[in-house]
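> Need a 3D model of the following:
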Amino acid sequence: MTFALPGALAAGAAGAAVALSAWWWVLAAPMALLVAVAVRDACQRRHSVLRNYPVLGHFRFALEALRPEVQQYFIERNFDGRPFDRDTRTLVYERAKGTDAEEPFGTERDLYLPGGEYLVPSMAPRPVPEEAPRVRIGGPHCTRPYEMALLNISAMSFGSLSARAVTALNAGARRGGFAHDTGEGGLSEYHLEPGGDLVWEIGTGYFGCRTADGRFDERQFAEKAAHDQVKCLSLKLSQGAKPGIGGVLPGAKVNAEIAAVRGVPEGVTVVSPPFHTVFSTPRGLVRFLARMRELSGGKPVGFKLCVGSRREFLAVCKAMLDEGTAPDFVVVDGAEGGTGAAPLEFADHVGLPLTDGLVTVHNALVGTGLRDHIGIGASGKVATGSDLVKRLAQGADYANAARPMMFALGCIQAQRCHTNTCPVGVATQDPRRAAALDVADKADRVHRYQRATVESALQIMAAMGVDHPRQLHPGLLLHRVDPHTVRSSAELHAWLSPGQLLDRAPASWAEDWAAADPDRFAG
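The predicted structure follows:
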């Protein structure tokens, strides 16, 4: 007994020491890690913040990474977010889900701020049409015209979007009877399998119809253009997000399937040239478009561009007149477009916004007497019924939407499209992320969104006293110039009369018309 108590005490002390030792490591290990991080921060030479504030400096980078989400969800108001505000995104989501999109208690916008736009209601509204009108695309040289819907899916390539996203878009187009532009990334099984109408876009890389050295392959083009689902052919000259430079698809996205569709090496970043190799003059462009129509068996052929120089577009018009042939449609892509990642300087400072580009193209075609044979599509932040009506009033025949269609698929505007880490499986080639996108559900959402938006546009037109989009005109769209002044589009822009440039060009157009040369692009 005399030795039992000291033994018990010794055993207890040993146990306490072991327990204390374990807790010591729980506390010491993080401290050691922080010390190691601090030493590394103080020794590295890349970030001055970390050298001056070891460990603490990492909080700055963490907050910077969280800033877009904090801004979007907690700070920005419903109507001032960018690129699309929360009101617009919510409207698209609700229409895609088939839920009510009405808002109580009036607008949150300040209607007296300069830059506001307003559509003119009539004192004698008209009944809303039961069926949406369509636009016939096809000029005198087109033997297989196409009836285009008022709102369609704009160009987004397989590769930029996941296979599931492309499939859902095309399935939605089939259900709603509207067109789906493939983007310049080629014609894939995901475009064809659902059965929706397609506008096959050919870019400077000639993906899907290219030779081994990247030239245009007439045989491949003719073979694929013969697909029944391919209703129109579109030649991309430039896009709104980055006019003047080619598109880029990071190598991480170029898997074996995408490489086969595009005809490029797997795993290698794909850079589209900034210019076409099959023509170098306005006359060459017009001739190539005519050749595309011939190879396609007489289907409508057109081109897409972000407008820059009015003189260059007039040169193309002169080439059409000289050659006695013209495209069946022109798609005007505004500088506010942006499904493709682009350098900030290009996105912010290069190319005309949609209104200016659309007015330029419409007036040039009217002034040269070509407008009756050439349809105009408008692309660039067309998300709502009012957006659609405004573009029709400014001269478009129909509109295309890209990012709103992505919203209908479930896009949350995370702006990670080019990183392959899209959180909702829309703009990624990561199989795990893409698997989150349910094709059947999203196809229904795309269909519902398009239908509801066109119905909204028809309701607005009826409220304006308009029975058909052809009756819309610039005088029905007002712009607030300053807090006290409102002007209509008819007053703000010079609108040409049919053939006016051929008879006697007005002073504001005379210099550009005289300098436009069908044998060279010169701004």
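
> Double-check residue 388 against residue 152; I have them as touching.
No. In this structure residue 388 lies outside contact range of residue 152 using Cβ atoms under 8 Å: 10.9 Å. For glycine as for every other residue, the C-beta is placed from the backbone atoms N, C-alpha and C.

> quick one: residue 387 from residue 381, how far?
With the distance defined as Cβ to Cβ, to the nearest Å, residue 387 ends up 7 Å from residue 381.

> Also residue 62?
32 Å.

> okay, those two: which has more neighbours?
Comparing residue 62 with residue 381 by neighbour count (other Cβ atoms under 10 Å), the higher total belongs to residue 381, at 22 against 10.

> Need the overlap of contacts for residue 388 and residue 152.
residue 399 (Cβ atoms under 8 Å, 6 or more residues apart in numbering).

> higher neighbour count, the two?
When neighbours are counted by other Cβ under 10 Å, residue 388 and residue 152 differ, and residue 388 comes out ahead with 26 against 23.

> ok, and the closest non-adjacent residue to that one?
Leaving out its chain neighbours, the residue that sits closest to residue 388 by Cβ to Cβ, 6 or more residues apart in numbering is residue 457, at 4.3 Å.

> need the contact list for the one you found.
With contact taken as Cβ under 8 Å, 6+ apart, residue 457 is in contact with 150-151, 385-386, 388-389, 392.

> Would you confirm that it belongs to a helix?
Yes. Residue 457 forms part of a helix when assessed by DSSP: H, G, I helix; E, B strand; the rest coil.

> how near is it to residue 184?
Distance check for residue 457 against residue 184: by Cβ to Cβ, it reads 28 Å.

> Same question for residue 260.
From residue 260 over to residue 184 (counting by Cβ to Cβ), the distance is 16 Å.

> When the two are compared, which one has more neighbours?
The residue with more neighbours, out of residue 260 and residue 184 and counting by other Cβ under 10 Å, is residue 184; that gives 30 against 13.

> Number of residues surrounding residue 226?
12.

> Show the contacting residues for the spatially closest residue to it that is not a sequence neighbour.
Once its chain neighbours are removed from consideration, residue 226 has its nearest residue in residue 297; the separation is 6.4 Å (Cβ to Cβ, 6+ apart). Contact partners of residue 297, counting by Cβ under 8 Å, 6+ apart, are 143-144, 225-226.

> Just the buried ones from those residues, in ChimeraX syntax?
Only the buried entries of the contacts of residue 297 go into this ChimeraX selection, using 16 or more other Cβ atoms under 10 Å:
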select :225
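
> Quick one: distance of the host helix or strand of residue 447 to the chain centre.
Element membership for residue 447, per DSSP states H and E: helix 439-463. Averaged C-alpha coordinates place helix 439-463 at 18 Å from its chain's average position (Cα atoms, centre = their mean, to the nearest Å).

> What mean pLDDT does that helix get?
The predicted model gives helix 439-463 an average pLDDT of 97.

> again with stretch 191-202
97.

> Dump the C-alpha coordinates for that stretch into CSV.
The C-alpha atoms that make up stretch 191-202 are tabulated as CSV, following Å, rounded to 0.1, in the frame of the first residue of the first chain:
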residue,chain,number,x,y,z
HIS,A,191,-26.5,20.1,-83.1
LEU,A,192,-28.0,17.5,-85.4
GLU,A,193,-29.4,14.8,-83.1
PRO,A,194,-32.3,16.8,-81.5
GLY,A,195,-33.6,17.9,-84.9
GLY,A,196,-33.8,21.6,-84.5
ASP,A,197,-33.3,24.1,-87.4
LEU,A,198,-29.7,25.2,-87.8
VAL,A,199,-27.8,28.2,-89.1
TRP,A,200,-24.4,26.8,-89.7
GLU,A,201,-21.8,29.5,-89.1
ILE,A,202,-18.4,29.4,-90.8
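
> Need the residues that contact it.
146, 152, 155, 158, 166-167, 169-174, 177-184, 187, 208-209, 216, 221, 224-225, 227, 229-236, 292, 304, 443.

> try 7 Å this time
When contacts are taken as Cβ atoms under 7 Å, 6 or more residues apart in numbering, the neighbours of stretch 191-202 outside the stretch itself are 155, 158, 166-167, 170-171, 173-174, 179-184, 187, 209, 225, 227, 229-236.

> What of stretch 303-320?
234-240, 243, 282-283, 285-286, 289, 326-327, 330-335, 351-352, 357, 360-361, 364-365, 368, 370, 512-513, 515-518, 521, 523.

> can you give me the mean pLDDT across it?
Predicted confidence along stretch 303-320 averages 96 (mean pLDDT).

> In it, which residues are buried?
By 16+ other Cβ under 10 Å, the buried positions in stretch 303-320 come out as 303-308, 310-320.

> Could you do stretch 406-422 as well?
By neighbour count, and taking 16+ other Cβ under 10 Å as the criterion, the buried residues in stretch 406-422 are 406-414, 416-418, 422.

> Kindly report the same for stretch 234-254.
Neighbour-count burial for stretch 234-254, with 16+ other Cβ under 10 Å as criterion, is recorded at 234-243, 245-250, 253-254.

> That stretch spans what distance, first to last residue?
This stretch, stretch 234-254, spans 23 Å end to end (Cα to Cα, to the nearest Å).

> Can you pull out the low-pLDDT segments for the stretch 301-450 of the chain?
In the prediction, the stretch 301-450 of the chain carries residues with pLDDT under 70 at positions 338-342, 344, 347.

> for it, what spans make up the strands?
In the stretch 301-450 of the chain, the strands defined using DSSP state E, counting those that start in this stretch lie at 301-305, 329-333, 375-379, 398-401.

> so the first one versus strand 375-379, what angle?
Yep, that's strand 301-305 we're talking about. Compare the direction of strand 301-305 with that of strand 375-379 by axes from the mean of the first three to the mean of the last three Cα atoms, to 10 degrees and you get 40 degrees.

> partner strands of strand 301-305, parallel or antiparallel?
With DSSP bridges as the test, strand 301-305 is paired with strand 230-236 (parallel), strand 329-333 (parallel).

> Among those, show me which one is buried the most.
Neighbour counts averaged per stretch over these are highest for strand 329-333, at a mean of 29; criterion: mean count of other Cβ atoms under 10 Å.

> CA atoms of that strand as PDB?
Coordinates of each C-alpha in strand 329-333 appear next as PDB, following Å, rounded to 0.1, in the frame of the first residue of the first chain:
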ATOM      1  CA  PHE A 329     -29.200  38.300 -94.800                       C
ATOM      2  CA  VAL A 330     -26.700  40.200 -92.700                       C
ATOM      3  CA  VAL A 331     -26.400  39.700 -88.900                       C
ATOM      4  CA  VAL A 332     -25.300  42.800 -87.000                       C
ATOM      5  CA  ASP A 333     -23.400  41.900 -83.800                       C
END
